[in-house]
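Undergrad: Got a predicted structure here, sequence first:
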Amino acid sequence: MATDQGLTRPELSVLIAYGKMVMKDALNIPEITENPYHARLLLHAFPEVLRSRFNEHMQQHPLRSEIIATKLTNNMVNDMGLNFVFRLQEETGASVSEIADAYAIVHGIFNMENLWARIEELDNVICAKLQLTMLDEARRIMRRGARWYIRHGSKTQSIEDAIESYRGTFKKLSENLQHYLVESEYAQLEAATQRYIEQDVPADIAYQVASFSNMFSSFDLAQIVDADKHETDVVAKLYYQLGSRLELHWFLDQINNQAVSNHWQALARASYREELDWQQRSIAANLLQSRSDTADADQILDEWIDSNQVLLKRWYHMMSEFKTSSTHEFAKFSVALRELMLLSVKSNH
């Protein structure tokens with residue numbers, strides 16, 4: 001650490017072992033062990049031949065709670081890394097049980113168990129560095145999704161119901177992104193997918209990994225669809241078109257690429273991402289609510305842009321200033337997001 005070379009594998013192994021012991025104790029609580037979804041982990045701790053014959057007996061196992069907590073701990077640390085829970089606690093203030101539930105929900109929506117298994121099956125088929133890159137992309141979208149759910153997801157739904165409530169929108173988006181994204185952004189998605197395919201990654205895995213950033217919006221879109229009278233096609237097209245026309249997707253890249261040098265800057269960057277996502281969602285929802293009389297997403301957006309030229313001119317001017325330099329001060333992001341918030345407020349009138 002002192003030489004800025006990181007930890008050796010034996011050192012990491014010790015940290016992971018102690019971290020898992022601490023997390024197992026933290027997860028050994030009724031909110032986790034009595035949750036029917038997490039309780040399924042108990043069965044998977046035993047050979048398959050025993051599961052059907054002794055299911056009821058397993059529920060009376062004296063170490064039932066410890067087994068569930070241990071299995072969940074292993075899954076979370078192995079999938080997400082050593083600092084996942086601590087990082088989300090720092091960013092959201094959530095409890096360990098809330099983080100575990102959010103992890104399980106996002107894991108289920110994105111069908112990560114199947115994806116991770118298929119990427120791992122590519123051992124000695126593709127280069128290890130590419131495998132790690134794809135796994136890192138999966139972890140990044142899992143962190144982002146879990147953070148979103150902790151902030152905006154329902155705390156009253158069961159894990160099964162939460163997964164089901166988002167899966168429909170997720171599936172429709174995944175199958176129809178070419179109809180929702182602007183042409184240039186879909187071309188970028190196709191190019192990213194093709195780069196994976198050229199390195200011998202199966203086409204469906206390549207597409208799923210390349211589209212993670214686009215599919216993250218399924219959380220917000222599912223809630224908008226649930227509250228609005230418009231169909232998913234209209235909501236999705238307006239949302240993505242809005243992000244392109246206002247250069248919000250480009251602005252998100254600037255936030256993601258902003259270097260951080262301390263803990264508070266890292267928290268600030270995470271908050272900027274969340275604020276940008278929320279304002280895009282708010283503007284889209286407001287526009288749809290104000291125009292329940294039409295299902296033409298292009299018309300709704302064009303009319304709003306035409307009637308808000310003064311505010312939008314200032315927003316586009318800020319984006320132009322961002323483009324004049326490759327590095328930015330954190331204050332610039334705060335000011336820009338403040339202007340976007342004013343646009344959001346205006347869209348509600």
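TA: Cool, the structure landed.
Undergrad: which parts of the helix or strand containing residue 144 are buried?
TA: Using DSSP states H and E, residue 144 falls within helix 128-152. Residues 130-131, 134-135, 137-139, 141-150 are the ones in helix 128-152 that count as buried (16 or more other C-beta atoms under 10 Å). Quick note: C-beta positions are derived from backbone N, CA and C, even for glycine.
Undergrad: do stretch 54-69 as well
TA: Under the neighbour-count criterion of 16+ other C-beta under 10 Å, stretch 54-69 has 58, 64, 65, 67, 68, 69 buried.
Undergrad: could you dump these to a markdown table with secondary structure and distance to residue 336?
TA: Converted to a markdown table, the buried residues of stretch 54-69 look like this (DSSP: H, G, I helix; E, B strand; the rest coil; distance: C-beta to C-beta, whole Å):
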| residue | secondary structure | distance to residue 336 |
| --- | --- | --- |
| 58 | helix | 55 |
| 64 | helix | 52 |
| 65 | helix | 48 |
| 67 | helix | 50 |
| 68 | helix | 46 |
| 69 | helix | 44 |
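Undergrad: Between these, which sits nearest residue 12?
TA: Distance to residue 12, by C-beta to C-beta, is smallest for residue 69 among the buried residues of stretch 54-69, at 22.2 Å.
Undergrad: where are the low-confidence patches of the stretch 1-150 of the chain?
TA: Within the stretch 1-150 of the chain, the ranges that satisfy pLDDT under 70 run 1-4.
Undergrad: repeat that for 90
TA: The model of the stretch 1-150 of the chain has pLDDT under 90 over residues 1-9, 11-18, 42-62, 82, 90, 124.
Undergrad: Please enumerate the helices of it.
TA: 9-27, 30-33, 36-43, 48-53, 55-58, 64-80, 84-92, 96-109, 112-120, 128-152 (DSSP state H, counting those that start in this stretch).
Undergrad: Columns distance to residue 323 on top of those helices, output as CSV?
TA: CSV is the format used below for the helices of the stretch 1-150 of the chain (distance: least, C-beta to C-beta, whole Å):
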stretch, distance to residue 323
helix 9-27, 40
helix 30-33, 47
helix 36-43, 46
helix 48-53, 57
helix 55-58, 60
helix 64-80, 35
helix 84-92, 29
helix 96-109, 33
helix 112-120, 35
helix 128-152, 25
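Undergrad: which stretch among those helices comes nearest residue 291?
TA: Nearest to residue 291, of the helices of the stretch 1-150 of the chain and by C-beta to C-beta, is helix 128-152 at 23.8 Å.
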